[in-house]
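Sequence and computational prediction follow.
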Amino acid sequence: MSTSYDQNNIFTKIIAGDLPSHKIYEDDVCISILDIMPESRGHVLVIPKKGARNLIDVDPNDLAELMKRVQKIAVAVKISMNADGLLLRQANEEVAGQTVYHLHFHLIPCYAGKRRSRHGSVEVSNEDLAEIADHIKKLL
Ligand code: 5GP
């Protein structure tokens, strides 16, 4: 099993604009998009533009820059979605639940009394995702 970075992955294509996404934020370091199979309303991904497979191989200075963005986007998601809490998750390798091998952080809003959907189990319409993205973007 290879554990090296393979740039032929879906997030590289989204970063390049070759595949569509519902983007809420972009700068020179990262993009942030809505997850197409959200575990809750407003589930976003923060994805570095520079390729790394996961937390194990990312350059620590790149990671430090990325985490500043993760926090900024987390605040915007929590406030705009009126969430009671927020789950930050990041998987390393298949055994840990990683399915896309380009580093990314999940920001998953948590709502009191509401169960989250299972990872990768619920697909949401483009219209819904577009509406949520517009809403979160206003705070970024
Ligand atoms: P992982 O399983 O690696 O922690 O997270 C990968 C995430 O990417 C999953 O939550 C999955 O729903 C999401 N995902 C997979 N393909 C696409 C896609 O084409 N567009 C978007 N926006 N999310 C995707």
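Okay, I see it.

So which bits of stretch 31-51 are buried?
For stretch 31-51, the buried set under the neighbour-count rule, 16 or more other CB atoms under 10 Å, comprises 31-36, 38-51. For glycine as for every other residue, the C-beta is placed from the backbone atoms N, C-alpha and C.

out of those, who's near the ligand?
Among the buried residues of stretch 31-51, the ones lying near the ligand by CB under 6 Å from any ligand atom are 33-36.

which ones are touching the residue nearest the centre of the chain?
Computing the C-alpha centroid of the chain and ranking residues by CA atoms, centre = their mean puts L45 first, at 0.6 Å. Under the criterion of CB atoms under 8 Å, 6 or more residues apart in numbering, the contact list for L45 reads 11, 32-35, 104-107.

So which of these belong to strands?
32-34, 105-107 (DSSP state E).

follow-up on the earlier one: from the buried residues of stretch 31-51, which land in strands?
Among these, the members falling in strands (DSSP E) are 31-34, 44-48.

Take those and write them to CSV, including pLDDT.
Written out in CSV, the entries for those read as follows (pLDDT from 0 to 100):
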residue, pLDDT
I31, 98
S32, 98
I33, 98
L34, 98
V44, 98
L45, 98
V46, 98
I47, 98
P48, 98
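
Now the helix or strand hosting K72 - C-alpha only, PDB.
Following DSSP states H and E, the helix or strand that holds K72 is helix 60-80. Coordinates of the C-alpha atoms in helix 60-80 are reproduced here as PDB (Å, rounded to 0.1, in the frame of the first residue of the first chain):
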ATOM      1  CA  PRO A  60       4.500  22.000   9.600                       C
ATOM      2  CA  ASN A  61       4.800  25.600   8.400                       C
ATOM      3  CA  ASP A  62       2.100  25.000   5.800                       C
ATOM      4  CA  LEU A  63       0.000  23.400   8.500                       C
ATOM      5  CA  ALA A  64       0.300  26.400  10.700                       C
ATOM      6  CA  GLU A  65      -0.900  28.700   8.000                       C
ATOM      7  CA  LEU A  66      -3.700  26.300   7.200                       C
ATOM      8  CA  MET A  67      -4.900  26.200  10.800                       C
ATOM      9  CA  LYS A  68      -5.300  30.000  10.900                       C
ATOM     10  CA  ARG A  69      -7.800  29.500   8.100                       C
ATOM     11  CA  VAL A  70      -9.500  26.600   9.800                       C
ATOM     12  CA  GLN A  71     -10.200  28.700  12.800                       C
ATOM     13  CA  LYS A  72     -11.400  31.700  10.800                       C
ATOM     14  CA  ILE A  73     -13.800  29.500   8.800                       C
ATOM     15  CA  ALA A  74     -14.900  27.600  11.900                       C
ATOM     16  CA  VAL A  75     -16.000  30.900  13.500                       C
ATOM     17  CA  ALA A  76     -17.900  31.900  10.400                       C
ATOM     18  CA  VAL A  77     -19.600  28.500  10.100                       C
ATOM     19  CA  LYS A  78     -20.600  28.300  13.700                       C
ATOM     20  CA  ILE A  79     -22.100  31.900  13.800                       C
ATOM     21  CA  SER A  80     -23.800  31.800  10.400                       C
END
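
Perfect, that will be all.
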